[in-house]
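# Got a predicted structure plus its sequence, pasted below:
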Amino acid sequence: MSYDKMCENLCPDYMAMGMTWDDYWNGDPQMTVAFRKMHRLKQESRNQEMWLQGMYIYEALLDVSPMFHDLVKEPKPIPYPAKPYPISKTDSEKRKEQEQIENDKKIQAGVRAWKERANRVITEREKKGAQTNG
């Protein structure tokens with residue numbers, strides 16, 4: 001096959017990738033390399049999106065599946081996730097940091113509540129002690 005015929009055969013493929021007729025025939029030949037790479041990246045991205053969508057659907061089905069158990073008296077679905085799945089390592093690290101901050105706040109609130117209860121009990125005991133001694 002001649003080079004001209006091969007170029008003619010490939011032209012529709014590059015146009016399907018988004019390259020214009022003029023760019024393909026009159027532009028820099030290196031543009032075809034960039035368009036092939038861009039097309040591959042788009043395909044990988046689309047594949048990742050579809051896989052992620054499948055994960056969400058799969059999890060949603062699992063979360064509502066308790067509703068279809070006949071033996072359970074009061075079936076309750078599992079709540080849908082409040083936040084989307086982290087996609088990148090950076091997103092995952094941010095999510096872990098945020099969860100740690102939220103857990104720390106819960107622990108601090110619990111310690112504060114315990115401290116307040118303990119202080120109330122101590123204060124009540126001191127009042128009772130003062131009343132019985134007085």
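Thanks, I have it.
# Could you use CA atoms for every contact and neighbour count after this?
Fine.
# Show me where the protein dips below the pLDDT cut-off.
133-134 (pLDDT under 70).
# all helices for it, in order.
In the chain, the segments counted as helices under DSSP state H are 3-16, 21-26, 30-64, 89-133.
# Export those helices as JSON lines, with columns for mean neighbour count and distance to residue 80.
JSON lines is the format used below for the helices of the chain (neighbours: other Cα atoms under 10 Å; distance: least, Cα to Cα, whole Å):
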{"stretch": "helix 3-16", "mean neighbour count": "12", "distance to residue 80": "39"}
{"stretch": "helix 21-26", "mean neighbour count": "12", "distance to residue 80": "47"}
{"stretch": "helix 30-64", "mean neighbour count": "13", "distance to residue 80": "7"}
{"stretch": "helix 89-133", "mean neighbour count": "12", "distance to residue 80": "17"}
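# Redo the ones you listed as CSV? Include distance to residue 83.
Converted to CSV, the helices of the chain look like this (distance: least, Cα to Cα, whole Å):
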stretch, distance to residue 83
helix 3-16, 36
helix 21-26, 43
helix 30-64, 11
helix 89-133, 9
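# Nearest to residue 81, out of those?
Minimum separation from residue 81 across these (Cα to Cα) falls at helix 30-64, 9.1 Å.
# and that closest one, what other elements does it pack with?
The helices and strands touching helix 30-64, judged by 3 or more Cα pairs under 8 Å, 6 or more residues apart in numbering; DSSP states H and E, are helix 3-16, helix 21-26.
# mind checking which of the ones you listed is nearest residue 33?
Set against residue 33 and scored by Cα to Cα, the helices and strands packed on helix 30-64 come closest in helix 3-16, at 10.0 Å.
# Break this protein down into its domains, please.
As recorded under automatic domain parsing, the domains making up the chain are 1-84, 86-134.
# Would you mind measuring from the residue nearest to the spatial centre of the chain to residue 96?
In the chain, the residue lying closest to the centroid (Cα atoms, centre = their mean) is residue 85, at 1.6 Å. Residue 85 sits 12 Å away from residue 96, going by Cα to Cα, to the nearest Å.
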